[in-house]
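>>> please find the sequence and the predicted model below.
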Amino acid sequence: MIEIFSQRLRLIPLDNHLLTIWNTEGRKSLTTKLGLNSSDWNIDEFYLAETEDALQNFWLPMTAQHEIDFFWYTNWEIILDATNTSIGGIGFAGFPDQDGVTMVGYFIDGNHRELGYATEALNCLIDWAKLEPTLKTIIADTPFFNLPSQNVLKKAGFKEFAISETEHLNQKMQLKNWKLVIR
């Protein structure tokens, strides 16, 4: 099993088998399979729906399609080493495209926010991703109102480059668009 480490965290990418356990048996079965202590995520309805949508419509089909390089198409569990519990997830939207661009997204359990874990996990995943020579730029979108997430991106060196509007899960929302130039 692939794992990457930071000072306080461990990141574990979920392969298709682990995602299937999450989808069919629930998060508790997944955490048991990973040998983690049980924890209930405190997550807003919007982000819970976004996570379920990603699980069903992106992570499961894309990890089935990309078995060898699945780690570019999945959720990486963010594990707090001190408690051996999952405190969130992070991941890319795929292998870098022909221009060397991929997108990153993340969330942290409400019980663990404002403690620097998102920034630490993001920097850890970026350091891992930099090993891919075709990677040139990582982009991210944040809801206009999500100042904590925007601060995470700023701390990791991302720069705001645009504002856009999208419809997501039947809601129109304004987004701030960010990018980090790698090379």
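Perfect, thanks for sending it. Please read all numbers here as calculations on a predicted model, not as lab measurements.

>>> and the next element down the chain from the helix or strand bottoming out on mean pLDDT in the chain?
Ranking every helix and strand in the chain by mean pLDDT, DSSP states H and E puts helix 45-54 at the bottom, with a mean of 87. The helix or strand immediately downstream of helix 45-54 is helix 60-65, counting by DSSP states H and E.

>>> would you mind listing the outside residues contacting the helix or strand following that following helix?
Following helix 60-65 in sequence order, the next helix or strand is strand 76-80 (DSSP H and E). Strand 76-80 has contacts (Cβ atoms under 8 Å, 6 or more residues apart in numbering) with 8-14, 34, 36, 85-91, 106, 108, 112, 117, 121, 125. C-betas here are computed from N, CA, C, even on glycine.

>>> redo that, cut-off 7 Å
Surrounding strand 76-80, the residues in contact under the criterion Cβ atoms under 7 Å, 6 or more residues apart in numbering are 8-14, 34, 36, 85-91, 112, 117, 121, 125.

>>> and the least confident helix or strand of the chain, what's buried?
Within helix 45-54, the residues that qualify as buried by neighbour count (16 or more other Cβ atoms under 10 Å) are 47, 50-51, 54.

>>> could you dump those residues to CSV with distance to Val181?
Written out in CSV, the entries for the buried residues of helix 45-54 read as follows (distance: Cβ to Cβ, whole Å):
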residue, distance to Val181
Tyr47, 28
Glu50, 26
Thr51, 28
Ala54, 26
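
>>> which one among these gets closest to Asp69?
Among these, Ala54 lies closest to Asp69 (Cβ to Cβ), at 17.7 Å.

>>> in contact with the closest residue in space to the closest one that isn't next to it in sequence, which residues?
Leaving aside its sequence neighbours, Ala54 sits nearest to Asn75 (Cβ to Cβ, 6 or more residues apart in numbering; 7.1 Å). Under the criterion of Cβ under 7 Å, 6+ apart, the contact partners of Asn75 comprise 14, 59, 89, 91.
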